[in-house]
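Peer 1: build me a structure from this.
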Amino acid sequence: MAIAMALTIVAGFSLQAATGRSTFGAPPLVHLHAFIFFGWVVLFVSQNFLVTRGSIALHRRLGWVGAGWASAMVGVGIYTTVAMTRNATTPFFFLPAYFLVMNILSVLCFGSLVIVAISMRKRTEWHRRFMFCAMAILTGPAFGRLLPMPLLVPYAEWGVFAAVMMWPLIAIVADHRRRGYVHPALWWGTATIILMQISMTLMAHSVIGLKLYAVSTAGYRGAAIAPLAFPTPPSSPLITGR
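Peer 2: Predicted coordinates:
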């Protein structure tokens, strides 16, 4: 499953590059974001590989590297999202306010699940399932590049959510077939993802979400963009991070 998730992410962003919607000419912040997030993908697959090889000691040492790495992901992820919102370069198939809230809550939920997983590192069955659910959240942006998002407006975010939910559902079925019951960690992780999605929608349309958008874009181009109206599709490919 770790490999399947990694391949999904690689496929999504490779398609982005192949279609000209992503370029190495993107701002340095986008390159930093890509390096940190893809670095996590490599680390996640490596950690799973080490466990299958029985290299538990090295797995645990790298786990602390992962803890610091995940913290950097949360910070860089939020900063990059705010920068894109300020520059009015949010994807046109998302409401600008929703995009801002979506990405912030996504990385915060990812970070929270990683923290819980690390705190339960001595309870392997809980630890690995929480890490699995955290990784599932990170596949959202990849599905956002693989799915025909413009055709899904105004329900594009729900298309991504449905795709992300594929991972915990597969795990739930596998758990039930293997054990005869579903481990509680999977229920908690799945509930977190569902609650995250509901919170995104509610918050983006709330006073809090609109205030967050106003504060984030004050003095920038994004302030002139209606937070709850779909932007006009660009006449040329939208280069990520511009």
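
Peer 1: buried residues in the one helix or strand Arg61 maps to?
Peer 2: Here Arg61, judged by DSSP states H and E, is contained in helix 56-86. For helix 56-86, burial by neighbour count (16 or more other CB atoms under 10 Å) applies to 59, 62-63, 66, 69-70, 73-74, 76-78, 80-86. C-beta here means a position set from N, CA and C on the backbone, and glycine is covered the same way.

Peer 1: same question, stretch 106-115
Peer 2: Within stretch 106-115, the residues that count as buried by 16+ other CB under 10 Å are 106-107, 109-114.

Peer 1: mind putting these into a markdown table with secondary structure, pLDDT and distance to Phe130?
Peer 2: What follows is the buried residues of stretch 106-115, written out as a markdown table (DSSP: H, G, I helix; E, B strand; the rest coil; pLDDT from 0 to 100; distance: CB to CB, whole Å):
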| residue | secondary structure | pLDDT | distance to Phe130 |
| --- | --- | --- | --- |
| Ser106 | helix | 97 | 16 |
| Val107 | helix | 97 | 16 |
| Cys109 | helix | 97 | 11 |
| Phe110 | helix | 98 | 11 |
| Gly111 | helix | 97 | 12 |
| Ser112 | helix | 97 | 9 |
| Leu113 | helix | 97 | 5 |
| Val114 | helix | 97 | 8 |
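
Peer 1: now, which of these sits nearest Val30?
Peer 2: Val30 lies nearest to Val107 out of the buried residues of stretch 106-115, by CB to CB, at 15.3 Å.

Peer 1: surely the closest one and Met73 touch.
Peer 2: Yes: Val107 lies in contact with Met73 (CB atoms under 8 Å); the separation is 6.4 Å.

Peer 1: please spell out which residue in this protein sits farthest from the middle.
Peer 2: Gly180 (30.6 Å; CA atoms, centre = their mean).

Peer 1: for it, give me its contacts.
Peer 2: Neighbouring residues of Gly180 by CB atoms under 8 Å, 6 or more residues apart in numbering: there are none.
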